[in-house]
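Visitor: Predicted model, plus sequence, below.
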Amino acid sequence: MIRTARATDIPALHAMIRDLAAYEKALDEVRVTEEQLHTALFGPRPAAFAHLAEDDTTGEPVGFALWFLNFSTWRGVHGIYLEDLYVRPEARGGGHGKALLRELARTCVERGYQRLEWSVLDWNEPSIRFYESLGARPQDEWTVYRLTDGALAELGAR
């Protein structure tokens, strides 16, 4: 079952974010707190959204999709940028990841959004194969750039 996240899901969501970071060998980079997640998802001006996959038997959260809106200047409409998709290892293969992506695709179609985009680490072959099996195609002509920490502060201070 896929459903929109609720405020009571914050602890489980936070734990799965940490699990995802550990899988991606970047746990030391996780700084988000439960309070920050609550504000981002449920504050006065939510900037992000989340869906949870629940175990069919126990109802426990086994995966999540956290996303936000982007905008295509070429198409003139919003799209969804999927920041993170994660399914706990013991629940993989049960269709939860596909169901989460299906829900986001459905949201795009219903709202007239024309893109559903995300990034995947180049070494994550199981995820790449999964995404391509759904019809997703890599955007190889683009290179992602990022400013963080000191470089961001330095540029912002100029």
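Guide: Happy to help now that I have it.
Visitor: Check the gap between the residue nearest to V87 when sequence neighbours are not counted and E35 for me.
Guide: Here the nearest residue to V87 in space, its sequence neighbours aside, is G63; by C-beta to C-beta, 6 or more residues apart in numbering that works out to 3.6 Å. For the C-beta atoms, the positions are set from N, CA and C on the backbone; glycine is no exception. Distance from G63 to E35, counting by C-beta to C-beta, to the nearest Å: 23 Å.
Visitor: between those two, which one's more packed in?
Guide: More crowded of G63 and E35, by other C-beta atoms under 10 Å: G63, with 23 against 11.
Visitor: What's the per-residue pLDDT of the more buried one here?
Guide: At G63, the predicted lDDT confidence score is 98.
Visitor: Sticking with it, tell me its helix or strand.
Guide: Applying DSSP states H and E as the criterion places G63 in strand 61-72.
Visitor: try R106
Guide: Counting by DSSP H and E, the element that carries R106 is helix 96-111.
Visitor: just H51 next, same as before
Guide: In this structure, H51 sits in strand 49-54 according to DSSP H and E.
Visitor: ok, and what's touching stretch 84-97?
Guide: Stretch 84-97 is touched from outside by 2, 16-17, 19-20, 23, 53, 55, 62-66, 100-101, 118, 130, with contacts defined as C-beta atoms under 8 Å, 6 or more residues apart in numbering.
Visitor: Now the buried members of those residues.
Guide: By neighbour count, with 16 or more other C-beta atoms under 10 Å, the contacts of stretch 84-97 hold 2, 16-17, 20, 53, 55, 62-66, 100-101, 118, 130 as buried.
Visitor: which one of the residues you listed is nearest G112?
Guide: Here the nearest of the buried ones among the contacts of stretch 84-97 to G112, counting by C-beta to C-beta, is L101; it sits at 18.5 Å.
Visitor: got a list of what the closest one touches?
Guide: Contact analysis of L101 by C-beta under 8 Å, 6+ apart lists A65, L82, L85, L116, L134.
Visitor: Pick out whichever of these sits closest to A7.
Guide: Within those, the smallest distance to A7 is 17.3 Å, found for A65 (C-beta to C-beta).
Visitor: residues in contact with that closest one?
Guide: Under the criterion of C-beta under 8 Å, 6+ apart, the neighbours of A65 are A50, H51, L82, D84, L85, L100, L101, E103, L104.
Visitor: mind putting the residues you listed in TSV, pLDDT and distance to L155 included?
Guide: Supplementary listing: the contacts of A65 in TSV, determined by pLDDT from 0 to 100; distance: C-beta to C-beta, whole Å:
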residue	pLDDT	distance to L155
A50	98	30
H51	98	34
L82	98	27
D84	97	26
L85	97	30
L100	98	35
L101	97	34
E103	97	37
L104	97	32
